[in-house]
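*Asks:* my questions concern the predicted model and sequence given below.
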Amino acid sequence: MTDPHFTEEHEVFRKQVRAFVERELAPHAEEWERAQIFPAEVFRKMGSLGFLGPHFPESVGGGGGDWWHACVVAEELPRSRSGGLTMAMLVQSCMATPVIADLGTPEQHAEFLTPALRGERIAALGISEPGAGSDVAGIRTTARRVGDDFVINGQKTFITNGTRADFVTLAVKTNPEIGYGGVSLVLFPTDVKGFHVGRKLAKIGNHASDTAELFFEDCRVPARYLLGQENQGFYYVMRNFQGERLIASVSGVAGSQLNLDKTIEYCRERQAFGRPIVGFQVWRHRFVQLMTELEAARRLTYHAVDLYDRKVECTREVTMAKLFVGDVVTRCADECLQAHGGWGYLEEYDVARAWRDTRLFTIGGGTSEIMREILTKLSGL
Ligand SMILES: Cc1cc2nc3c(=O)[nH]c(=O)nc-3n(C[C@H](O)[C@H](O)[C@H](O)COP(=O)(O)OP(=O)(O)OC[C@H]3O[C@@H](n4cnc5c(N)ncnc54)[C@H](O)[C@@H]3O)c2cc1C
């Protein structure tokens, strides 16, 4: 059943995205997973079709739609059968760029945002560091004001799109003496002297996406690349997290639904003891349990999207959605693998890849423990 939030126009858009994903991405998933990268051309293609910024205003090169358009893309990308590719695209469209639309000057929009939405410049979001992931206020990369420039020194890690990003939406300390009050956001072009990419990190899943260490040694960027106000970066990062967590949740539920549907199909065919696997009550019960939990996860997520789209404060709902989805999708991936028996343990089955890729959901973009911490504070406990 289509959710009433998706209009006929959203559904027409969905058909276009689905056709593209099934025709141009899915057939290459195996090859790109094995290569541990996909062609940069995919950013351009997605951008030229309007799939990277359907929810951004037309004035900055977006499609002028709403957040439900972004959800359509996030729900269709998992049909590529590559969590890595899905993650890379969502970083470009919903994690590294919205804060530029919100806070950027017209010059910053023209130089960074518009080319990113067209897929002409690859974007990354640089917050995590070797010594600070959950604890954003603990970052140590510094930006010192020297004349009309910032001089940046430090290191980032776990950065998606990191090996080939043209720019990084970068969290830095403009006042290293203090915690969250000293964080700022800077737009960092990666052709600046003193910048280099370190290791491309070998991951257990999301293989088609590149995840890298970034190093900054006396990198000078013009002070006009500061996003918003100096020392307000922590608040901007926290606000940006809401969209990031939400779109990951939307995509996670859709990908898990696909995985569950395919698993049920498999279990209708596969026989043991003279009957299909779905002929055993234990499996029928597990499947309907997962259907129920995925539906609940989807409804909670859509509720948060609705509030977010209408710009109603929804940190509580987004955090609950991220927490709940993380729990449901990791369990769903595990049960789907189990339902395949030994075949699920083989690389050649999509269910194995889904299991590896899905494991990230309780970690990336804020762990489940941090979600519980946020909810604890919001509940006044
Ligand atoms: C594949 C991948 C892609 C990523 N992409 C990006 C990216 O593009 N940009 C970016 O900036 N980052 C990215 N990250 C980083 C990700 O956001 C962090 O890994 C995540 O926020 C957790 O930080 P950490 O790894 O430093 O864990 P830590 O903060 O070291 O946490 C370790 C453990 O301690 C727990 N813990 C920490 N604090 C508390 C607390 N107060 N109470 C209870 N438990 C706590 C955590 O929940 C976790 O279980 C990516 C990570 C991965 C794996």
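*Replies:* Cool, the structure landed.
*Asks:* buried ones in the host helix or strand of residue 261, by neighbour count?
*Replies:* Residue 261 belongs to helix 233-269 when elements are defined using DSSP states H and E. Buried residues in helix 233-269, defined by neighbour count with 16 or more other C-beta atoms under 10 Å: 233-234, 236-237, 240-260, 262-264, 266-267. For glycine as for every other residue, the C-beta is placed from the backbone atoms N, C-alpha and C.
*Asks:* and the stretch 51-200 of the chain, which residues reach the ligand?
*Replies:* Taking C-beta under 6 Å from any ligand atom, the part of the stretch 51-200 of the chain that reaches the ligand is made up of 91, 125-128, 133-134, 158-160.
*Asks:* 8 Å instead, please
*Replies:* Selection of the stretch 51-200 of the chain residues close to the ligand by C-beta under 8 Å from any ligand atom yields 87, 91, 95-96, 124-128, 132-135, 156-162, 171.
*Asks:* same check, this time on the stretch 251-381 of the chain
*Replies:* For the stretch 251-381 of the chain, the residues in contact with the ligand (C-beta under 8 Å from any ligand atom) are 360, 363-370, 372-373.
*Asks:* could you rerun that using 6 Å?
*Replies:* Near the ligand, when you scan the stretch 251-381 of the chain using C-beta under 6 Å from any ligand atom, you find 360, 363-367, 369-370, 373.
*Asks:* just the buried ones out of the residues you listed, please.
*Replies:* When burial is judged by neighbour count using 16+ other C-beta under 10 Å, the buried members of these are 360, 363-367, 370.
*Asks:* about what we covered before: the residues of the stretch 251-381 of the chain next to the ligand in helices, which ones?
*Replies:* Within these, membership in helices is found for 369-370, 373, as judged by DSSP state H.
*Asks:* so can I have TSV of those showing pLDDT?
*Replies:* Output for these, formatted as TSV (pLDDT from 0 to 100):
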residue	pLDDT
369	98
370	98
373	98
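*Asks:* list the contacts for the residue nearest to residue 225 when sequence neighbours are not counted?
*Replies:* Computed as C-beta to C-beta, 6 or more residues apart in numbering, the closest residue to residue 225 that is not its neighbour in sequence is residue 187, at 4.4 Å. With contacts taken as C-beta atoms under 8 Å, 6 or more residues apart in numbering, residue 187 has the following neighbours: 100, 104, 108, 111-112, 167-170, 221, 225, 227.
*Asks:* now tabulate the residues you listed in TSV and tack on secondary structure and distance to residue 291.
*Replies:* Output for the contacts of residue 187, formatted as TSV (DSSP: H, G, I helix; E, B strand; the rest coil; distance: C-beta to C-beta, whole Å):
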residue	secondary structure	distance to residue 291
100	helix	39
104	coil	42
108	helix	45
111	helix	47
112	helix	42
167	strand	42
168	strand	40
169	strand	38
170	strand	42
221	strand	50
225	helix	48
227	strand	42
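*Asks:* top of these by neighbour count?
*Replies:* The most neighbours of any of the contacts of residue 187, using other C-beta atoms under 10 Å, belong to residue 170, which has 30 neighbours.
*Asks:* OK, contacts around that residue?
*Replies:* The contact partners of residue 170, taken as C-beta under 8 Å, 6+ apart, are 126, 141, 152, 156, 185-188.
*Asks:* neighbouring contacts of stretch 237-252?
*Replies:* Contacts to stretch 237-252, defined as C-beta under 8 Å, 6+ apart, come from residues 70-71, 74-75, 77-78, 86, 90, 94-95, 98-99, 102, 125, 127, 136, 171, 183, 185, 297, 301, 304-305, 308, 314-315, 318-319, 321-322, 325-326, 329, 358, 361, 364-366.
*Asks:* same deal with stretch 92-102?
*Replies:* Under the criterion C-beta under 8 Å, 6+ apart, external residues in contact with stretch 92-102 comprise 43, 51-53, 56-57, 60, 62, 70, 73-74, 108-109, 112-113, 116-117, 119, 122-125, 161, 168-169, 185, 187, 227, 236, 239-240, 243-244, 247, 365.
*Asks:* what average pLDDT does that stretch get?
*Replies:* Here the mean pLDDT over stretch 92-102 is 98, rounded to a whole number.
*Asks:* can you pull the buried residues of it?
*Replies:* Using 16+ other C-beta under 10 Å as the test for burial, stretch 92-102 gives 92-101.
*Asks:* same thing with stretch 40-48?
*Replies:* Neighbour-count burial for stretch 40-48, counted by 16+ other C-beta under 10 Å, picks out 42-43, 46-47.
*Asks:* tell me the domain ranges of the protein?
*Replies:* When the chain is parsed into structural domains using automatic domain parsing, the resulting residue ranges are 8-121, 124-231, 234-378.
*Asks:* including distance to residue 2, could those go into JSON lines?
*Replies:* Written out in JSON lines, the entries for these read as follows (distance: least, C-beta to C-beta, whole Å):
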{"stretch": "domain 8-121", "distance to residue 2": "7"}
{"stretch": "domain 124-231", "distance to residue 2": "29"}
{"stretch": "domain 234-378", "distance to residue 2": "11"}
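*Asks:* how close does residue 278 sit to residue 263?
*Replies:* 10 Å (C-beta to C-beta, to the nearest Å).
*Asks:* this structure: helices as residue ranges?
*Replies:* Under the criterion DSSP H, the chain contains helices at 8-20, 29-35, 41-48, 67-76, 83-90, 98-103, 106-108, 114-117, 233-269, 281-309, 315-339, 350-358, 368-378.
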